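Peer 1: What shape does this take:
(2 chains)
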Amino acid sequence: MIINLRVWRQASASAEGKMVSYRVEGVSEDMSFLEMLDLLNEDLTLKGEEPIAFDHDCREGICGMCGVVINGSAHGRASSPVPTTTCQLHMRSFADGATIDVEPWRAGAFPVIKDLVVDRTAFDRIIQAGGFISVNAGAAPEAHSVPAPKIEADRAFDAATCIGCGACVAACPNGSSMLFTSAKITHLAMLPQGQPERYSRVKAMVATQDELGFGGCTNIGECAAVCPKQIPLDTISQLNRDLIKALFRKDGK
Amino acid sequence: MATAVNETTQNPGAGAYFEVGADIGDTKAPDGPIDRKWSQRKFGAALVNPANRRKLSVIVVGTGLAGGAAAATLGEAGYNVLNFCYQDSPRRAHSIAAQGGINAAKNYRNDNDSTYRLFYDTVKGGDYRARENNVYRLAEVSANIIDQCVAQGVPFAREYGGLLDNRSFGGVQVQRTFYARGQTGQQLLIGAYQSLERQVAAGTVQMFARHEMLELILVDGRARGIVTRNMVTGAIEAHTADAVVLATGGYGNVFFLSTNAMGCNVTACWRAHRKGAYFGNPCYTQIHPTCIPVHGDTQSKLTLMSESLRNDGRIWVPKNAEDCDKDPREIAEEDRDYYLERIYPAFGNLVPRDIASRQAKNRCDEGRGVGPAVEEVDHETGETRRVRRGVYLDFASAIERMGRQTVENKYGNLFDMYAQITGENPYETPMRIYPAVHYTMGGLWVDYDLMSNITGLYVTGEANFSDHGANRLGASALMQGLADGYFVLPNTINDYLSKGPFEKVGADHPAVVEALRETTSRVERLLAINGSRTVDSFHKELGTIMWEYCGMERSEEGLTFAIARIRELREEFWRDVKVTGLNEDFNQTLERAGRVADFLEMGELMCVDALHRRESCGGHFRAESQTEDGEALRHDDEFLYVAAWEFTGVGNKPVLHKEALVYDNVELKQRSYK
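Peer 2: Predicted coordinates for the structure are as follows:
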């Protein structure tokens, strides 16, 4: 296959960026999207040009490190028959000779570092605000001392599969991190161990995401549409319910 | 102290590649019965007063299960922790990709499981090449891990009564594996990550993401700091502390293609090795039989599919090479060779990982592999050939027997993953599988306290050598990472830290200045070569050499050839590699170049270790050591020891230090699956 790429090139956080065209030959349909970029980078290197910077690590759709906007769609969701991360999108999803636009996540809270690489440390900051259960190593009771109903435990798991890639923020017209935050809220709220900090957690995490410059949620749903792990939109309802309850509790407890 | 090894008829020629030094041994495990050792050690270890802990600092490199858990736990204890990772967030560490589960001796199934049984199974699974004391402790703390993870909110699979579910895993007869669908590693890592971020918020842990460790700083023989490169700005900086912990994972990427993440590397461990830390059993690599085969020469990594597929799938290749490019559904039953069922009628498709892997390779070497032919270089002649590297894993009879719905319920997520990667529908046409490098049992040598032979340098998780012997049982990697991180290291490192705080090491200390200078000049050297070959082309070539000669089957002839070829390749790398860009920038080519440079040294040591160990053991088949019917043959009389290698300079002979393995509790047996 031959693929025509238009890729966002930006030398550094402060530099101006622009779309640059490349022609990639010898693409096989079994290649992943990132392997196609590898192929281009090998070619650029041999020509003495700077390869395109992009984040990636596990290349099996679980670490959450990769993610670019492909033809206007986060992780190329619009080109893929199934929910996917960029590393699990394969070139068989594209036609021979296709022109593909590749851009970084675009959100105020995710500044570009270089080319397709953005800074997502804001997500870690949201978790720091309360996305945990306060238990020190060694302090845990016997695991079976607290049964957890299976239905809630399964719901906790569904929310906990979030990989923190940031596609939800990139897809949201408001640049909101609500799906990310609500996934953690729901994960911990569905388990008995998460109850003591349930309401203080939701207030702290929502306040922090606002401070970090993420936009507000207006229930558009683009986030859930691109989510590679299919985090359900109703986690946002769960967050809102918990937040409202928290506001009526003394000290959020 | 080194003396030249005598060339014996047993291992002719190996002596040209190494020397033998003084024996070593673990001095930290206390005497007494094995089930009392850990509590004795905890009682004997000196303590640090909580008020004094804030005056002590610990560097932890890596944020996976072993590193993230250790950093969080040391932070909770009140130490000042500096935690480093090369990814953009600690949550990305490759522990996240583990699918299957985590073992723990809880005996929730009332099926006669116990600490002793988990210990016994792990020692046996490691083919009697692990240290008994460490393995017993691992089994002992396994139950605490589950308690800890549940308290953190890890959503393990549960039954309708609200209690935890278990499954059996990896050829053991009890159900002791806890799991969270096929994403157990992810859920455990997120648990550790959340605890870690809690400590970041509390101010006990300072997190340095996108920082790669490039050197270890030794002061008066003690590990006192590291040099890192800030991967965004290129700044090369020194960080000092009272102790250093390496939790940097395995080195499977020496093979280029593996199930490891793209960034996994040996650099932190290799830099420590160059500074004097012994490398234990470097040739012990686990090769996993059920991975998705290579599709072409631009492939960047391999994907594992859970081994559970072998419970119901049947593995076969065509009997006749001319059928290999046919649609498999059109190959008649009598023209198929269900080779595992044929050779091992008792175990069939459920033979251990190494046997399933090696037999798949044998079929493909015979020319009966299936799937796309991939170009391979014959390293001896330099000629290229095209070989099909895949065998069928067929669910047709399982679908007929159980119905498609049952198969879908059991394996649906794996089938979907296969379909997404290959574009083929495994419900209709047989899957293709091939072995791939998955885990490295070898790692830096450590004592019972997890301290290396460098004072103050600790090594945890996959990065150390201690618990899995020559082969790791399924669902044991997660167990070891968390055992080391939550329970072992935090209860042994205090024994060392109680002697501190040590004299402060300032930025102007000669050891710091020298380490910074060495690191900077190495980076400058890489950037100055400006040759004609890309970093990846060297990495791929090294990988094919390692895979061919230091992979599933090894021989003296192959290994000596590989060592010579690696030396040539390393020389070519330093003469002809092309690294674009600058240091003072986000430069992924430079990052990879540094890692590949270290792999080019590491690969040689792996081959030397494999060459010296003239026995088939665990996951390793040595051509010169097999039974009459071609099965693996171990040599306890000669090789019942840990090979701990000392670095003596690039291209110089490494020195072998032997740690004798003593089995007071488990009887040595030769395995048989016929």
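
Peer 1: So which bits of the stretch 101-250 of chain B are right by chain A?
Peer 2: Counting by C-beta under 8 Å from any C-beta of the partner chain, the positions of the stretch 101-250 of chain B adjacent to chain A are B:106, B:108, B:144, B:146-148, B:150-153, B:155-164, B:180-181, B:183, B:186-187, B:190, B:193-195, B:197-198, B:200-201, B:207, B:209, B:232. Backbone N, C-alpha and C define where each C-beta goes, glycine included.

Peer 1: per-domain residue ranges of chain A.
Peer 2: Domain assignment for chain A by automatic domain parsing gives A:3-113, A:120-252.

Peer 1: closest one to residue B:355 among the ones you listed?
Peer 2: Nearest to residue B:355 among the domains of chain A is domain A:3-113 (25.6 Å), distances taken as C-beta to C-beta.

Peer 1: what about the closest one, how long is it end to end?
Peer 2: 26 Å (C-alpha to C-alpha, to the nearest Å).

Peer 1: Also stretch B:621-630?
Peer 2: 10 Å.

Peer 1: Do me a favour and average the pLDDT over that stretch.
Peer 2: Here stretch B:621-630 scores 92 as its mean pLDDT.

Peer 1: okay, now the residue of chain A found nearest chain B: neighbour count?
Peer 2: Distance from chain B to each residue of chain A (C-beta to the nearest C-beta) is smallest for residue A:147, at 2.9 Å. Number of residues near residue A:147 (other C-beta atoms under 10 Å in any protein chain shown) recorded here: 15.

Peer 1: Where does the closest residue to it other than its chain neighbours sit, in terms of helix or strand?
Peer 2: Of all residues not flanking residue A:147 in the chain, residue B:162 sits nearest, at 2.9 Å (C-beta to C-beta, 6 or more residues apart in numbering or on different chains). Assigned by DSSP states H and E, residue B:162 belongs to neither a helix nor a strand.

Peer 1: Just the buried ones out of the residues of the stretch 101-250 of chain B next to chain A, please.
Peer 2: B:106, B:108, B:144, B:146-148, B:150-153, B:155-158, B:162-164, B:180-181, B:183, B:186-187, B:190, B:193-195, B:197-198, B:200-201, B:207, B:209, B:232 (16 or more other C-beta atoms under 10 Å in any protein chain shown).

Peer 1: about what we covered before: in this structure the residue nearest to residue A:147 contacts residue A:151, no?
Peer 2: No - contact criterion C-beta atoms under 8 Å: residue B:162 and residue A:151 do not qualify, at 9.9 Å.

Peer 1: Just give the nearest non-adjacent residue to residue B:458, would you?
Peer 2: Nearest to residue B:458 is residue B:245, by C-beta to C-beta, 6+ apart, at 4.5 Å.

Peer 1: what does residue B:194 give?
Peer 2: Using C-beta to C-beta, 6+ apart, the closest residue to residue B:194 is residue A:132 (3.7 Å).

Peer 1: Just say helix, strand or coil for that neighbour.
Peer 2: coil (DSSP: H, G, I helix; E, B strand; the rest coil).

Peer 1: could you check the distance from it over to residue B:191?
Peer 2: Separation of residue A:132 from residue B:191 (C-beta to C-beta, to the nearest Å) stands at 9 Å.

Peer 1: hey, what's in contact with both of these two?
Peer 2: Contact criterion C-beta atoms under 8 Å, 6 or more residues apart in numbering or on different chains; residues shared by residue A:132 and residue B:191: B:152, B:153.

Peer 1: Name the residues of stretch B:517-534 that are buried.
Peer 2: B:519, B:520, B:523, B:526, B:527, B:529, B:533, B:534.

Peer 1: typo on my end, stretch B:198-215
Peer 2: So stretch B:198-215, judged by 16+ other C-beta under 10 Å, has buried residues B:198-201, B:204-215.

Peer 1: Endpoints of that stretch, how far apart?
Peer 2: 29 Å.

Peer 1: Stretch B:658-665 too?
Peer 2: Rule used - C-alpha to C-alpha; the end-to-end distance of stretch B:658-665 is 21 Å.

Peer 1: mind listing what's buried in that stretch?
Peer 2: B:658, B:659, B:661, B:665.

Peer 1: gap between the residue of chain A most remote from its centre and residue A:192?
Peer 2: Residue farthest from the centre of chain A, counting by C-alpha atoms, centre = their mean, is residue A:145 at 34.8 Å. Going from residue A:145 to residue A:192 by C-beta to C-beta gives 10 Å.

Peer 1: cool, and residue A:143?
Peer 2: In terms of C-beta to C-beta, residue A:143 sits 12 Å off from residue A:192.

Peer 1: out of the two, which sits in the busier spot?
Peer 2: A count of neighbours by other C-beta under 10 Å puts residue A:143 above the other of residue A:143 and residue A:192, at 24 against 15.

Peer 1: so the closest residue to that one other than its chain neighbours, which of the three states?
Peer 2: Take residue A:143 and drop its neighbours on the chain: the residue closest to it by C-beta to C-beta, 6+ apart is residue B:150, 4.3 Å away. Three-state assignment for residue B:150 (three-state DSSP): helix.

Peer 1: Tell me the secondary structure of the closest residue to chain A within the stretch 301-450 of chain B, please.
Peer 2: Relative to chain A, the nearest point of the stretch 301-450 of chain B is residue B:301 (4.7 Å; C-beta to the nearest C-beta). Assigned by three-state DSSP, the conformation of residue B:301 is coil.

Peer 1: And residue B:544, by the same measure?
Peer 2: From three-state DSSP, the assignment for residue B:544 is helix.
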